[in-house]
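>>> any chance you can model this:
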Amino acid sequence: MAEEEKILGMRAESGRWIFVIAGLLINICLGTIYSWSVFRKPLQSLFDVGATESGYPFTVFLGVFAIAMLLVSGLMEKWGPRKMSIIGGILVGLGWILASQAKSMGMLTLVYGILGGFGVGMVYGCPVAVAARWFPDKRGIAVGFTVMGFGLSALITAPVSRALIDAVGPMSTFAYLGVAFIIILVILSLPLRFPAVHGWKPAGWEPPAHVAAAAVELTPSEMLKTARFYGLWLCYVIGVTAGLMAIAISSPVGQEIIKLSAGVAATAVAIFAIFNGIGRPIFGWLTDKLTPRGSAILSFVIIILASMMMYFGAGEGRTALFMISFAMLWGCLGGWLAIGPTATGSFFGTKYYPRNYAIMFLAYGAGAFIGPYISGRIRDMTGSYLSSFVPVTILAVVGIILALALMSPPKKKET
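Have a look, this model is predicted:
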């Protein structure tokens with residue numbers, strides 16, 4: 001089978017990396033939401049709103065993103081990843097363009113959060129599912145590199161957005177980025193496709209005996225009957241809650257607590273994006289090597305350390321501590337965006353992967369609501385973001401317990 005597959009004229013074993021590269025670049029566009037913190041203060045001034053309200057577009061965007069993945073997951077098998085990604089890419093751009101015309105934070109939340117978030121939900125799962133099917137031998141690392149672009153996005157888009165905001169204001173920035181996203185996403189979606197036959201394997205590769213013996217292909221309804229699903233889902237929620245809280249408050253914490261300038265804070269966000277990006281292939285590789293449970297526990301230990309460092313040590317001029325702590329938190333968020341999809345394929349198979357991972361990805365939507373909401377409310381109630389790190393620490397401890405109890409790998413073949 002393997003020698004019959006060709007990708008842009010190349011043997012599939014080599015050509016399949018094109019899908020990873022395309023997916024990485026697609027995710028750079030989609031991940032611009034991670035630069036939201038550089039929009040917050042300009043929008044607070046423009047619309048005269050507080051920290052909680054300026055976080056609503058971010059929260060709604062990510063929540064709709066997760067829900068949309070579930071709603072459209074069945075269409076991927078019908079339309080194919082190429083068509084679905086193109087349509088979603090157009091919606092992404094329209095969401096940003098229409099946001100430029102918003103006259104209130106509520107309207108901005110509606111068009112940017114719902115339309116833009118829905119478009120990202122359509123596109124995001126396409127390159128991930130493609131990578132999962134073309135790389136049965138290196139699923140963790142391939143998926144990790146594919147989603148790395150989402151994490152690295154802020155490295156590029158935070159300083160670009162900051163420069164555009166300074167030059168033309170936040171609303172025109174939405175319009176310029178939206179036009180660019182439509183063009184780029186449509187072009188990058190064109191090569192995406194699944195193998196001609198389900199279960200494709202690279203020539204000369206066979207799964208290790210213990211992996212083959214534990215192989216599963218569970219339908220969504222079968223997956224939902226397993227304790228393993230709920231363990232992974234809850235751990236995913238916790239990992240995302242910590243990471244998205246950090247992303248939402250990175251720039252404000254830098255400016256308000258560490259006393260960085262807006263420009264330096266934006267640069268810090270770009271640096272954090274590197275860790276969000278590299279956390280994905282690193283944790284993808286660790287998930288392949290340590291099992292999903294081992295990599296999950298490691299991520300929670302890192303989250304606890306970073307949160308306690310900020311809570312007990314942050315203050316004016318403590319730039320190094322701020323940079324190290326937030327780099328750890330951003331890296332762990334990236335890690336969960338590799339652990340989640342890789343574990344879903346390992347625990348429940350790839351035959352029903354688009355629908356299974358869409359259900360699993362609802363954890364991301366839950367975390368997108370919980371993390372920014374906690375930090376925004378605590379900031380408005382106490383005048384500081386620092387106390388946000390206490391509930392995050394508690395949740396990470398709970399995550400370790402859940403991973404130990406419920407994230408055991410399959411031990412025998414389940415059907």
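>>> where does the stretch 251-400 of the chain dip in pLDDT?
Along the stretch 251-400 of the chain, no part satisfies pLDDT under 70.
>>> how about the strands in it?
In the stretch 251-400 of the chain, no strands are defined using DSSP state E, counting those that start in this stretch.
>>> which ones are touching the nearest residue to residue 301 once chain neighbours are set aside?
Nearest non-adjacent residue to residue 301, counting by C-beta to C-beta, 6 or more residues apart in numbering: residue 400, 7.4 Å away. Backbone N, C-alpha and C define where each C-beta goes, glycine included. For residue 400, the contact set (C-beta atoms under 8 Å, 6 or more residues apart in numbering) comprises 297, 300-301.
>>> would JSON lines of those residues with distance to residue 54 be doable?
As requested, these are exported to JSON lines (distance: C-beta to C-beta, whole Å):
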{"residue": "297", "distance to residue 54": "34"}
{"residue": "300", "distance to residue 54": "29"}
{"residue": "301", "distance to residue 54": "32"}
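>>> of the residues you listed, which is the nearest to residue 167?
Of all those, residue 300 has the smallest distance to residue 167: 41.4 Å, by C-beta to C-beta.
>>> and that closest one, how many neighbours?
24 (other C-beta atoms under 10 Å).
>>> is it true that it touches residue 396?
Yes. Counting by C-beta atoms under 8 Å, residue 300 does reach residue 396; the two are 4.3 Å apart.
>>> which neighbours do the two share?
With C-beta under 8 Å, 6+ apart as the test, residue 300 and residue 396 both reach residue 238.
>>> tell me where the stretch 51-200 of the chain has helices.
Ranges of helices in the stretch 51-200 of the chain, per DSSP state H, counting those that start in this stretch, are 51-54, 56-79, 81-99, 105-108, 117-134, 139-168, 170-189.
>>> any idea which of those is most buried?
Comparing the helices of the stretch 51-200 of the chain by mean neighbour count (mean count of other C-beta atoms under 10 Å), helix 117-134 ranks first with a mean of 28.
>>> what helices and strands are in contact with it?
Here helix 117-134 touches helix 17-30, helix 56-79, helix 81-99, helix 139-168, helix 170-189, helix 319-348, helix 353-360, going by 3 or more C-beta pairs under 8 Å, 6 or more residues apart in numbering; DSSP states H and E.
>>> return the distance of it from the chain's centre.
Its chain's C-alpha centre and that of helix 117-134 lie 11 Å apart, by C-alpha atoms, centre = their mean, to the nearest Å.
>>> what sits against the nearest residue to residue 322 once chain neighbours are set aside?
Excluding the flanking residues, the one nearest residue 322 by C-beta to C-beta, 6+ apart is residue 258, at 4.8 Å. Residue 258 is in contact with 314-319, 322, counting by C-beta under 8 Å, 6+ apart.
>>> same question for residue 328.
Shown in contact with residue 328 (C-beta under 8 Å, 6+ apart): 275, 302-303, 305-306.
>>> swap in residue 67?
Counting by C-beta under 8 Å, 6+ apart, residue 67 has contacts 121, 362, 365.
>>> residue 158 versus that one, what's the distance?
Going from residue 67 to residue 158 by C-beta to C-beta, to the nearest Å gives 26 Å.
>>> same question for residue 19.
Taken as C-beta to C-beta, the span from residue 19 to residue 158 is 27 Å.
>>> adding mean pLDDT and distance to residue 12, write the helices of the stretch 51-200 of the chain out as JSON lines.
Below are the helices of the stretch 51-200 of the chain laid out as JSON lines (pLDDT from 0 to 100; distance: least, C-beta to C-beta, whole Å):
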{"stretch": "helix 51-54", "mean pLDDT": "82", "distance to residue 12": "47"}
{"stretch": "helix 56-79", "mean pLDDT": "87", "distance to residue 12": "20"}
{"stretch": "helix 81-99", "mean pLDDT": "96", "distance to residue 12": "16"}
{"stretch": "helix 105-108", "mean pLDDT": "93", "distance to residue 12": "44"}
{"stretch": "helix 117-134", "mean pLDDT": "92", "distance to residue 12": "7"}
{"stretch": "helix 139-168", "mean pLDDT": "88", "distance to residue 12": "13"}
{"stretch": "helix 170-189", "mean pLDDT": "96", "distance to residue 12": "19"}
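>>> now those helices in CSV, with distance to residue 285?
Shown next, in CSV, are those (distance: least, C-beta to C-beta, whole Å):
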stretch, distance to residue 285
helix 51-54, 36
helix 56-79, 24
helix 81-99, 24
helix 105-108, 39
helix 117-134, 14
helix 139-168, 5
helix 170-189, 25
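>>> the ones you listed: which one's closest to residue 344?
It is, among these and with distance given as C-beta to C-beta, helix 117-134, at 8.5 Å.
>>> and the closest one with helix 353-360, angle?
130 degrees (axes from the mean of the first three to the mean of the last three C-alpha atoms, to 10 degrees).
>>> now helix 117-134 against helix 17-30, angle please.
If you take the same axes, to 10 degrees, helix 117-134 sits at 160 degrees to helix 17-30.
>>> enumerate every residue touching the residue nearest in space to the middle of the chain.
By C-alpha atoms, centre = their mean, the chain has its centre lying nearest to residue 337, at 5.0 Å. Each residue near residue 337 by C-beta under 8 Å, 6+ apart is listed here: 147, 150-151, 280, 364.
>>> show me which of these is closest to residue 25.
Nearest member of those to residue 25, counting by C-beta to C-beta, is residue 150, at 10.8 Å.
>>> mind checking how far the closest one is from residue 85?
Taking C-beta to C-beta, one finds residue 150 at 14 Å from residue 85.
>>> for this structure, longest helix please?
Longest helix in the chain by number of residues (criterion: DSSP state H): helix 262-313.
>>> tell me what that helix is packed against?
helix 37-47, helix 139-168, helix 227-256, helix 319-348, helix 389-406.
>>> how about TSV for these, with distance to residue 77 added?
Below are the helices and strands packed on helix 262-313 laid out as TSV (distance: least, C-beta to C-beta, whole Å):
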stretch	distance to residue 77
helix 37-47	36
helix 139-168	19
helix 227-256	21
helix 319-348	16
helix 389-406	29
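>>> distance of the nearest residue to residue 172 once chain neighbours are set aside from residue 179?
Spatially, and ignoring its direct neighbours in sequence, residue 172 is nearest to residue 100 (6.3 Å; C-beta to C-beta, 6+ apart). Going from residue 100 to residue 179 by C-beta to C-beta gives 10 Å.
>>> all set now, cheers.
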